[in-house]
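**Student:** sequence first, predicted model second:
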Amino acid sequence: MSLVKTTESLDLTVVIPFYNRSNYAKRLLDSVIQQSLTPKFIFFVDNGSKIEELERLHEIINSVDHKDINIQCLKTEKFGNANYARNLGLEQANTQYVAFLDSDDWWEPCHLENSLKILNKSSKAGIYGGAIIHYGNSKVVNSSGDIALVDTPYHILFSNAGWSAQTSSYIVNKNKLKNLKWDESLKRHQDYDFFLALQYLTEGWVFNPIPTSHLERDDAVSGRNFDIKSMIGFLEKWKQKFPETCLKKYLVDQMDLCIIANIDKKYYEYYENIYLNLVDSDYVFHVEYIYRNLRQKIIFFLKKHGLFSLFKIILRKHK
């Protein structure tokens, strides 16, 4: 694993969708500038931030020694969707490679160099990996699986192994994208959609087995703004290709989300109806029915007593 800083730069642009997150900008910038091989360009693509946030971002950019890296701030014409920003950055990049980095995430110093070594040894259009997830003072390495060893890309995203294909691990070869873009109709499940689209519509993904992307989570999902219509749009778009085992796993997770985040009951019923069509007609006597009801009751209890976030962290620590 190379950690030696050189003066060599990569033919690569880092695209960062930005929306009111200047408090993370210094950490993010430091992680890009300190790469063992640095990019030629960094694009912060604003998606409707407050003026004071943009001013603070410029102050941070001006305060760091970014050497020969060209840092630009772009602005989307439409607001409210990170995919607008990702597509603008992708369109404006005139480098062979584009790396995506969410504005509150950061990288290990070897991320770009090691990822491109793997990508360049393959014939693939992009590379992905897992992530190091931070929960307050604790962290969990959320690994991923090798897409070359599973039947479908769905098995990477929706398996019981708990794998991830984290957005800030994505690096693509722009010459092999075949005009593929991020789906601007989606505000949620954007990463799932892009992962599936790149695999099915281009030469596909290669796997980086060592997670080198960092992200923070607090698991306070009940207070977050989940765009359930985008999630349903994603499912309707890709449902026909879903393997049944992966679809069941996805539907269970979505039903749990509806409970945890207090989402309108009609959306829970939407997912449940699809789930019911996948199981036996004797569903009420089926082990899956017992499991679903027990799972719901546990979630309700933990959520009611403020224990759900702690419970999830403990589970991850003991995986």
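**Tutor:** The structure has been received and is ready for your questions. All of these numbers come straight from a predicted model, not from anything done at the bench.

**Student:** show me the domain layout of this protein.
**Tutor:** Domain ranges of the chain: 9-216, 233-317, per automatic domain parsing.

**Student:** as CSV, those domains with mean pLDDT, mean neighbour count and distance to Phe226 would be great.
**Tutor:** C-betas here are computed from N, CA, C, even on glycine. Supplementary listing: those in CSV, determined by pLDDT from 0 to 100; neighbours: other CB atoms under 10 Å; distance: least, CB to CB, whole Å:
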stretch, mean pLDDT, mean neighbour count, distance to Phe226
domain 9-216, 96, 19, 6
domain 233-317, 77, 15, 5
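
**Student:** tabulate these in CSV, adding columns for distance to Asp227.
**Tutor:** Formatted as CSV, those follow (distance: least, CB to CB, whole Å):
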stretch, distance to Asp227
domain 9-216, 4
domain 233-317, 9
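
**Student:** part of a strand, is Thr13?
**Tutor:** Yes. According to DSSP: H, G, I helix; E, B strand; the rest coil, Thr13 belongs to a strand.

**Student:** pretty sure it is touching Thr38, no?
**Tutor:** No. Assessed by CB atoms under 8 Å, Thr13 is found out of contact with Thr38, at 11.5 Å.

**Student:** in the stretch 51-200 of the chain, which spans are strands?
**Tutor:** 70-75, 97-100, 106-107, 126-128, 131-135, 138-142, 171-173 (DSSP state E, counting those that start in this stretch).

**Student:** which stretches in the protein count as helices?
**Tutor:** Along the chain, the segments classed as helices by DSSP state H run 25-33, 51-63, 82-92, 111-120, 154-157, 190-201, 228-238, 244-260, 265-276, 287-304, 308-317.

**Student:** run through the bridge partners of Ile127.
**Tutor:** Note on Ile127: beta-bridge partners Ile171, Val206, judged by DSSP bridges.

**Student:** residue contacts, it?
**Tutor:** Ile127 makes contact with 115-116, 118-119, 169-171, 205-208, according to CB atoms under 8 Å, 6 or more residues apart in numbering.

**Student:** recalculate using a threshold of 7 Å.
**Tutor:** Going by CB atoms under 7 Å, 6 or more residues apart in numbering, Ile127 touches 115, 118-119, 171, 205-206, 208.

**Student:** closest one to Asp151 out of those, please.
**Tutor:** Using CB to CB, Trp205 comes nearest to Asp151 of these, at 14.4 Å.

**Student:** give me the phi and psi for Ile263.
**Tutor:** The phi/psi pair for Ile263 (degrees, to the nearest 10) reads phi -80, psi 150.

**Student:** identify the residues contacting it.
**Tutor:** Neighbour list for Ile263: 226, 228, 257 [criterion: CB under 7 Å, 6+ apart].

**Student:** touching stretch 60-67 from outside, list them.
**Tutor:** Residues outside stretch 60-67 that contact it (CB under 7 Å, 6+ apart): 22, 25-26, 29-30, 33, 71.

**Student:** now the strands of the stretch 51-200 of the chain as CSV including distance to Arg86?
**Tutor:** Formatted as CSV, the strands of the stretch 51-200 of the chain follow (distance: least, CB to CB, whole Å):
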stretch, distance to Arg86
strand 70-75, 11
strand 97-100, 6
strand 106-107, 17
strand 126-128, 13
strand 131-135, 18
strand 138-142, 22
strand 171-173, 11
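
**Student:** out of these, which comes closest to Val279?
**Tutor:** Closest approach to Val279 among the strands of the stretch 51-200 of the chain (CB to CB): strand 138-142, 28.8 Å.

**Student:** the closest one - contacts with which helices or strands?
**Tutor:** With contacts taken as 3 or more CB pairs under 7 Å, 6 or more residues apart in numbering; DSSP states H and E, strand 138-142 sits against strand 131-135, helix 308-317.

**Student:** gap between Ile118 and Leu294?
**Tutor:** For Ile118, the distance to Leu294 (CB to CB, to the nearest Å) stands at 42 Å.

**Student:** quick check, Leu88 in contact with Thr76.
**Tutor:** Yes. Contact criterion CB atoms under 7 Å: Leu88 and Thr76 qualify, at 5.4 Å.

**Student:** now the common contact residues for those two.
**Tutor:** Shared contacts of Leu88 and Thr76 (CB under 7 Å, 6+ apart): Val45.

**Student:** picking that back up, among the helices of the chain, which comes closest to Glu216?
**Tutor:** Across the helices of the chain, Glu216 has its closest neighbour in helix 25-33 (10.0 Å, CB to CB).
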